[in-house]
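J.: Following is a predicted model, sequence given first.
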Amino acid sequence: MGLTEKTFATLTFTEPETGIGVVTMNRPERLNAINPAMIEDFDALLAALSRDEKIRVVVLTGAGRGFCSGADLIEAATYREAEAFADPENFLRLAQERYAAPITGLRTIPQPVIAAVNGAAAGAGMCLALASDVRFASPTAYFVASFINIGLSAGELGTTYFLPRLIGLARAAEILYTGRKVGAEEAERIGLVN
């Protein structure tokens, strides 16, 4: 079964031209927030792409008015009642590893990845863009390392690895420590996007 025949609950895959795969995160009502179903879809998609020699490049984008608003905190709240949350340290470590899987997966597939950022790229969504080989942004795009805004460190999901390599340590530290929005124009000026 080829990738174009596979169905995903939260992603769509198309091949508009031979060899060009377009992956669209498809939860526009939640600004394409990552939930457990999307992580499973990314796992299946990235495994298929790693074996697909016909797809030469992958474009990653989001449906609707946002690229990806990060982890779906509404769905994450349901886990607080789960038995796994009885040990918060272990739970957060496991959650970090699970949510990082699509980011590390993007780095291990053989195809170059182009992020086409349309609107919000926040938290894990920003990490997906950072893990891409090339980033393009619409005029309405913006990036937010939102972890710090909810009391987490700025190092989630590889942000502290990717961001300084793209824009330098001082700029990265300021963005990571403040959790402020970086608009498309500034992102281009500082080298965050092409």
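T.: Perfect, I can see it now. Residues are numbered from 1 along each chain as shown.
J.: Now do the contacts for the closest residue to Arg27 other than its chain neighbours.
T.: Spatial nearest neighbour of Arg27, chain neighbours left out: Thr10 (5.5 Å); criterion: Cβ to Cβ, 6 or more residues apart in numbering. Using the backbone N, CA and C atoms, a C-beta is placed for each residue, glycine as well. Contact analysis of Thr10 by Cβ atoms under 8 Å, 6 or more residues apart in numbering lists Met25, Asn26, Arg27, Asn35, Ala37, Met38, Asp41.
J.: And the strands in this structure, which stretches?
T.: 11-17, 20-25, 57-62, 113-117, 120-122, 134-137, 142-144, 181-183 (DSSP state E).
J.: Highest mean neighbour count out of the ones you listed?
T.: Most buried of these, by mean neighbour count (mean count of other Cβ atoms under 10 Å): strand 120-122, with a mean of 28.
J.: Straight-line length of stretch 28-47, end to end?
T.: End-to-end span of stretch 28-47 (Cα to Cα, to the nearest Å): 24 Å.
J.: Buried residues in that stretch, which are they?
T.: By 16 or more other Cβ atoms under 10 Å, the buried positions in stretch 28-47 come out as 30-36, 38-42, 45-46.
J.: Closest to Arg180 out of those residues?
T.: Leu31 (18.3 Å; Cβ to Cβ).
J.: before we move on, back to that, for the residue nearest to Arg27, give its distance to Arg93.
T.: 24 Å (Cβ to Cβ, to the nearest Å).
J.: For the residue minimising distance to the centre of the chain, which residues are in contact?
T.: Of all residues in the chain, the one closest to the mean position by Cα atoms, centre = their mean is Leu128, 2.6 Å from it. The contact partners of Leu128, taken as Cβ under 8 Å, 6+ apart, are Leu60, Phe67, Cys68, Pro102, Ile103, Leu106, Ala115, Ala121.
J.: quick one: the last one and Leu60 touch, right?
T.: Right, the one you point to is Ala121. No - counting by Cβ atoms under 8 Å, Leu60 is not a contact partner of Ala121; they are 10.6 Å apart.
J.: shared neighbours of those two, anything?
T.: Ala115, Leu128.
J.: could you measure the closest residue to Ala48 other than its chain neighbours against Ile39, distance?
T.: Closest residue in space to Ala48, ignoring its immediate chain neighbours: Leu3 at 5.4 Å, by Cβ to Cβ, 6+ apart. Going from Leu3 to Ile39 by Cβ to Cβ gives 18 Å.
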